[in-house]
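Asks: Please find the sequence and the predicted model below.
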Amino acid sequence: MQTKGIWQTAWQSMRSNAAAMGGLFMVALVMLLGAFAPVIAPMHPATQVLDFRNVPPGFHGKVIRFKYAPALPEQIEAVTSVKKTDLHIEFVNLAGKARTIVRSQYISEDNVYYLLGTDHFGRDIFSRIVYGARISLIVGFSASTISMLIGVILGAIAGYRESFASKLIMRFTDVMFGFPALLFLIGITAAFDPSLTVVFLAIGFVSWPGMCRLMRGQVLKVREELFVSAAKTLGFQSQRILWRHILPNCLAPILVTYTLGIAGAIMAEASLSFLGLGAQPPTPSWGAMINNGKDFIRTAPWISLSPGIAIAITVLGFNLLGDGLRDALDPKMQGK
């Protein structure tokens, strides 16, 4: 009942914090976009309409979809007019050239609307951003979870009892802090074939030292509490005391750091994808989209600006949510 009261109090504090609720709304919005990407996105992220390359946001157009044979890929061509007969489909493309296909080759005629414009391959940027939300969230949560598990385990061991193992853990943590994180990530991902799996494993294995130090500090503080001394007096094993009594009392700062770590992991994935070491084409990664648009920044700035704004909103949302959780779970902030 006491734990329930703590979380109820934290939720009430969060509800009164406008910045925290704004962050929660941003995070929920991005998660909904990623979860329902096939429903929300108007087009497949890899679909190309070469006649509509680098068109600005809000552009309208008409396309026809057809296949020359069932085993061949679908063709999409921009048209100005379409005429249907019982046996043939006649259409005029943007170049003014009339073409004819048989009825069996025809799939559909669609009016397309590019909310955020297209890139240099004629792909819908809004659809790619929506699908890219999945990648960012998967990498963010996976990498932050790996970082949390490693940091919590090593930090708990290092903080509970002074020993050679705890000193070794902390010296190794200091060594990890000595490496520039981005350069370390570039070195790890460059050593393997670029993929999302390599990316979130690399980010998780590089970003755990901060969690380790935090966990060690919390364990050093909690282990001096009276309930820990009582558990030792009752003869409980050290493992039980550590994982069942000390760890639950360290959850608040761990949860806050985990939330903030998701934002850092999303930024790291975008950086690696921008450098070509993350998601590979045609995967719609936000970082890769920014890289694809850098050569068109003067003529078609929306190619890079749109995914950049998506990254900013997502990272800001997680940071605001993490700050709100920190204030809500900090007893010193209660009532302020």
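Replies: Ah, there it is.

Asks: Please count neighbours and contacts with C-alpha atoms only from this point.
Replies: Noted.

Asks: how about the strands in this structure?
Replies: Along the chain, the segments classed as strands by DSSP state E run 59-66, 75-84, 88-93, 98-102, 106-114.

Asks: average pLDDT across the last one?
Replies: In other words, strand 106-114. Averaged over strand 106-114, pLDDT sits at 91.

Asks: Check which residues of that strand are buried.
Replies: Using 16 or more other CA atoms under 10 Å as the test for burial, strand 106-114 gives 106, 109, 113, 114.

Asks: Residue ranges in the stretch 201-336 of the chain under the pLDDT threshold?
Replies: 330-336 (pLDDT under 70).

Asks: quick one: the helices in it?
Replies: Using DSSP state H, counting those that start in this stretch, the helices of the stretch 201-336 of the chain run over residues 208-222, 226-233, 238-240, 251-274, 286-293, 302-329.

Asks: Please name whichever of the ones you listed is nearest to residue 136.
Replies: Of all the helices of the stretch 201-336 of the chain, helix 251-274 sits nearest to residue 136, with 5.6 Å by CA to CA.

Asks: Just the CA atoms of that closest one, as CSV, please.
Replies: Provided in CSV are the C-alpha atoms of helix 251-274 (Å, rounded to 0.1, in the frame of the first residue of the first chain):
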residue,chain,number,x,y,z
LEU,A,251,14.0,2.6,-8.5
ALA,A,252,13.1,6.3,-8.7
PRO,A,253,16.5,7.6,-9.9
ILE,A,254,16.9,4.5,-12.1
LEU,A,255,13.6,5.2,-13.9
VAL,A,256,14.5,8.9,-14.4
THR,A,257,17.9,8.0,-15.8
TYR,A,258,16.3,5.3,-18.0
THR,A,259,13.9,7.8,-19.5
LEU,A,260,16.6,10.4,-20.2
GLY,A,261,18.8,7.6,-21.6
ILE,A,262,16.2,6.9,-24.3
ALA,A,263,16.6,10.5,-25.6
GLY,A,264,20.3,10.1,-25.7
ALA,A,265,20.1,6.8,-27.5
ILE,A,266,17.8,8.3,-30.2
MET,A,267,20.3,11.1,-30.8
ALA,A,268,23.1,8.5,-31.0
GLU,A,269,21.3,6.4,-33.5
ALA,A,270,20.5,9.5,-35.6
SER,A,271,24.2,10.5,-35.5
LEU,A,272,25.4,7.0,-36.6
SER,A,273,22.7,6.8,-39.4
PHE,A,274,23.8,10.2,-40.6
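
Asks: Quick one: list the elements packing against it.
Replies: helix 125-160, helix 181-190, helix 196-206, helix 208-222, helix 286-293, helix 302-329 (3 or more CA pairs under 8 Å, 6 or more residues apart in numbering; DSSP states H and E).
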